[in-house]
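Novice: Below are the sequence and a predicted model; questions follow.
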Amino acid sequence: MTGARIVAVDARDPRALTRHTGGPLDFEARLRGRSITGAARRGKFLWLPLDADSTDGENLSDVPEAILVHLGMSGQMLLRADGASIERHERIRLSIEHADHGPLDVVFADQRTFGSLAIDPLVPTADGEAAGWGTPDPLLPSQVSHIGRDPLDPAFRDRAFVQALSRKDSAIKRVLLDQTLASGIGNIYADEALWAARIHPETPARTLSSRAARRLLTEVRAVLNRALAEGGTSFDAQYVNVNGQAGYFAHSLRAYGRTGQPCERCGRPIVRASFMNRSSHFCPRCQRVPPPRP
DNA sequence: TATTTTACCTGAGGGC
DNA sequence: TGCCCTCAGGTAAAAT
């Protein structure tokens, strides 16, 4: 998409614009004629920086902007042929013209509508480093400014993360799911990393030793890297890449979704526990229940 | 202020 | 066959 010009926009479902202030007509009008200059990501947020708005006339401002995207849990960004038929759960379509690839359609489809798009101004990063994966610019969407760097980001600071854990009373899994401290970790990869690090999900974060916290961080990175290499975790048709292809990491899971199946380390059945209106999966032998709070 | 809970949403699958 | 219930899960507003 980099270098492509947006020739038409169809924002058919306003629920896909909950992050956008201005509504569908504003979204369409402000994108028409603009060009996409790149693609970047931090954690679960991604954005497509835009060129200056030359159609804005007297209101021409120098504030850089981007198309902000969050897939929620079932959102998809699909690259389709120009004029391709309407997707199931299609919410928004961008018709683009690319110098090398010709006309294409970019479709945002989303069954559960937790995902959404927005036009968002870019603001400087707090540390002055590149905003995320895919961009050298220290600029990120305003709605992403509170999101922490993900552990695969070269500018992620391990020491600060470990120190933050030592100040948190909450259960370690809750902290892993908090995107402000470290981003990109959801329910699946939290369970996988905790299993690998042999840490019980209810362990209070501050009770982890510095060594254990670093081990956990190492396992988080290992899980994320393996999942990326395998194209992510697909349980059904919702989790696909831009060409609609499923990832294979579901076959590599060792804790998540393996309730009752033997732990690959010790053979004890994996346990499922209710946690924050979702599920935690862990090995009751390898991941010891933390001692009672003092 | 810090932490925890809840609302948002659709479709698949199970029980009856 | 069809109805009702549960579950999946990221984010941010609301509640504690």
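Specialist: Cool, the structure landed.

Novice: roughly how far apart are the closest residue to A:Y248 other than its chain neighbours and DNA strand B?
Specialist: Once flanking residues are discounted, A:Y248 sits nearest to A:E230: 4.4 Å by C-beta to C-beta, 6 or more residues apart in numbering. C-beta here means a position set from N, CA and C on the backbone, and glycine is covered the same way. A:E230 sits 22 Å away from DNA strand B, going by C-beta to the nearest atom of the strand, to the nearest Å.

Novice: for A:P284, same thing?
Specialist: Distance from A:P284 to DNA strand B, by C-beta to the nearest atom of the strand: 22 Å.

Novice: same deal with A:E97?
Specialist: If you go by C-beta to the nearest atom of the strand, the gap between A:E97 and DNA strand B works out to 31 Å.

Novice: list the contacts for the residue nearest to A:Y248?
Specialist: A:G247, A:Y248, A:F249, A:H251, A:S252 (C-beta atoms under 8 Å, 6 or more residues apart in numbering).

Novice: let's go with 6 Å and repeat that
Specialist: A:G247, A:Y248, A:F249 (C-beta atoms under 6 Å, 6 or more residues apart in numbering).

Novice: what does A:M73 give?
Specialist: Counted by C-beta under 6 Å, 6+ apart, A:M73 has contacts A:F114.

Novice: so the closest residue to A:T259 other than its chain neighbours is in which element?
Specialist: Spatially, and ignoring its direct neighbours in sequence, A:T259 is nearest to A:R272 (4.0 Å; C-beta to C-beta, 6+ apart). Using DSSP states H and E, A:R272 falls within strand A:271-275.

Novice: Three-state assignment for A:R215, please.
Specialist: Following DSSP: H, G, I helix; E, B strand; the rest coil, we place A:R215 in the helix state.

Novice: An error on my part: the question was meant for A:R15.
Specialist: A:R15 is classified as helix under three-state DSSP.

Novice: give me the number of residues near it?
Specialist: A:R15 has 11 neighbours, counted by other C-beta atoms under 10 Å.

Novice: Tell me how far the nearest residue to it once chain neighbours are set aside lies from DNA strand C.
Specialist: Nearest residue to A:R15, sequence neighbours excluded (C-beta to C-beta, 6+ apart): A:T113, at 4.8 Å. As defined by C-beta to the nearest atom of the strand, A:T113 lies at a distance of 8 Å from DNA strand C.

Novice: On the pLDDT front, check A:T113 for me.
Specialist: You'll see A:T113 listed with a pLDDT of 90.

Novice: Tell me how many other residues surround it.
Specialist: Neighbour tally, A:T113, other C-beta under 10 Å: 15.

Novice: same check, this time on A:L177
Specialist: 19.

Novice: and it, what does it touch?
Specialist: A:L177 sits in contact with A:A190, where contact means C-beta under 6 Å, 6+ apart.

Novice: Roughly how far does it sit from DNA strand C?
Specialist: Taking C-beta to the nearest atom of the strand, one finds A:L177 at 6 Å from DNA strand C.

Novice: how about that residue, phi and psi?
Specialist: When read as degrees, to the nearest 10, the backbone of A:L177 gives phi -80, psi -10.

Novice: list the contacts for A:R41?
Specialist: A:G132, A:W133, A:G134.

Novice: ok, for the last one, nearest residue in space, not its chain neighbours?
Specialist: Beyond its immediate neighbours in the sequence, the residue positioned closest to A:G134 (C-beta to C-beta, 6+ apart) is A:A40, lying 4.0 Å away.

Novice: Which strand residues bridge that neighbour?
Specialist: A:W47 (DSSP bridges).

Novice: my guess is it meets A:P138, correct?
Specialist: No - between A:A40 and A:P138 there is no contact under C-beta atoms under 6 Å: 11.3 Å.

Novice: Quickly list what's touching both of those two.
Specialist: Joint contacts of A:A40 and A:P138 (C-beta under 6 Å, 6+ apart) do not exist.

Novice: The two: which is more packed in?
Specialist: A:A40 (23 against 16).

Novice: Can you tell me how far the nearest residue to A:R112 once chain neighbours are set aside is from DNA strand C?
Specialist: Distance criterion C-beta to C-beta, 6+ apart; nearest residue to A:R112, sequence neighbours excluded, is A:S74 at 4.3 Å. For A:S74, the distance to DNA strand C (C-beta to the nearest atom of the strand) stands at 6 Å.

Novice: what's the answer for A:V69, then?
Specialist: A:V69 is 11 Å from DNA strand C, by C-beta to the nearest atom of the strand.
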